[in-house]
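1. below is the sequence, then the predicted model.
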Amino acid sequence: MSFGHTLILGLIAGGTIVFGLPVGRLRGLTPNLRQFLSALAVGVLIFLVWDVLSHAWDPVDSALSADGGAHWGTAIGYGLIFFAGLAVGLLALTWYERRLHGGVLTPARLATLIALGIGLHNFAEGLAIGQSAASGAIGLAVLLVIGFALHNATEGFGIVAPLSGERPSWGFLGLMALIGGGPTLLGTMVGHSFTSQVVSVAFLTLAAGSILYVVIQLIGVAARHRRTDILATGIFIGMVAGFVTDAIVTAGGA
């Protein structure tokens with residue numbers, strides 16, 4: 001597949017993030033509905049953490065089971081990258097908020113952190129699209145685009161979930177789309193040029209750590225409303241949405 005056609009695939013996969021962002025401008029939402037929508041976003045993000053970490057850990061499993069024997073050196077190397085990326089993604093954000101902002105997160109800042117974490121995740125997705133297209137696996141590349149596009153549509157809503165009760169400007173939503181969805185296109189460009197499992201693992205674990213940090217923050221905010229029934233229901237439905245869209249890719253043989 002040509003470089004230009006591959007970029008179109010990356011643009012489609014990352015561009016669907018804009019579908020969920022306009023929800024942030026809705027007015028007249030009741031407190032219970034706002035909490036449910038936030039919990040729904042948490043469910044989607046929890047699925048993303050699982051999905052990202054499972055893919056990032058694959059090279060370790062492969063090294064340990066390769067040729068019927070354990071390749072401990074390779075496994076340890078990928079394991080160190082895995083835990084280093086996870087630590088930087090999770091602990092660096094914690095340190096940043098504590099040192100620079102006193103641990104206080106405004107809704108806009110939290111939304112930006114969500115977009116950043118999703119952007120790191122989407123860069124890794126773009127790498128997979130670009131590498132598949134460059135290697136001639138066109139069918140796999142198209143299936144990846146379909147699955148990632150569905151995921152990104154739900155991720156857009158996750159970004160604006162902390163903004164419920166506010167009305168962000170279209171400019172702010174556009175910036176969130178660029179931060180969250182733009183890296184898909186960038187990753188596609190890089191992935192089409194060269195293949196690097198090390199880079200993929202690094203970005204996946206950075207994404208997982210940052211998304212996990214955001215999940216902790218969102219659950220803390222939701223818990224203040226003391227409606228664990230709404231919180232649990234929203235998380236469950238959000239996780240189901242994540243697994244269903246992932247199943248579409250798996251069912252297609254990706």
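-> Nice, thanks for sending it over. Numbers count the residues shown, from 1 in each chain.

2. where is the longest helix in this structure?
-> In the chain, taking DSSP state H as the definition, the longest helix is helix 31-65.

3. quick one: buried residues of the next helix or strand after that one?
-> Sequence order places helix 72-101 as the next helix or strand after helix 31-65, per DSSP states H and E. By 16 or more other CB atoms under 10 Å, the buried positions in helix 72-101 come out as 75, 77-79, 81-82, 85-86, 89-90, 93, 97. In this view, the C-beta of every residue, glycine as well, is placed from N, C-alpha and C.

4. which non-adjacent residue is nearest residue 208?
-> Nearest non-adjacent residue to residue 208, counting by CB to CB, 6 or more residues apart in numbering: residue 52, 4.3 Å away.

5. residue 121 is in contact with that neighbour, correct?
-> Yes - between residue 52 and residue 121 there is a contact at 5.6 Å, judged by CB atoms under 8 Å.

6. list residues touching both of these two?
-> Contact criterion CB atoms under 8 Å, 6 or more residues apart in numbering; residues shared by residue 52 and residue 121: 204, 207-208, 211.

7. quick one, strands of the protein?
-> Per DSSP state E, the chain carries no strands over any range.

8. any idea how far the longest helix of the chain is from the chain center?
-> Put simply, helix 31-65 sits 8 Å off its chain's centre (CA atoms, centre = their mean, to the nearest Å).

9. and it, average pLDDT?
-> For helix 31-65, the mean per-residue pLDDT is 84.

10. neighbours of the residue nearest to residue 47 when sequence neighbours are not counted, how many?
-> Leaving aside its sequence neighbours, residue 47 sits nearest to residue 242 (CB to CB, 6+ apart; 2.8 Å). By other CB atoms under 10 Å, 23 other residues sit near residue 242.

11. and residue 242, what pLDDT?
-> pLDDT, residue 242: 80.

12. next up, the contacts around it.
-> The contact partners of residue 242, taken as CB under 8 Å, 6+ apart, are 43-44, 46-48, 51, 151, 154.

13. before we move on, back to that, make TSV out of the buried residues of helix 72-101 and add distance to residue 7 and pLDDT.
-> Formatted as TSV, the buried residues of helix 72-101 follow (distance: CB to CB, whole Å; pLDDT from 0 to 100):
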residue	distance to residue 7	pLDDT
75	35	89
77	32	92
78	29	93
79	34	93
81	28	93
82	29	94
85	26	88
86	30	90
89	27	81
90	32	84
93	31	72
97	35	67
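
14. shouldn't residue 21 be in contact with residue 159?
-> Yes - look at residue 21 against residue 159 with CB under 8 Å: they come within range, at 6.5 Å.

15. how about the residue nearest to residue 211 when sequence neighbours are not counted, what does it touch?
-> Leaving aside its sequence neighbours, residue 211 sits nearest to residue 117 (CB to CB, 6+ apart; 4.1 Å). Residues in contact with residue 117 (CB under 8 Å, 6+ apart) are 89, 207, 210-211, 213-214.

16. before I go, just wanted to say thanks for your time.
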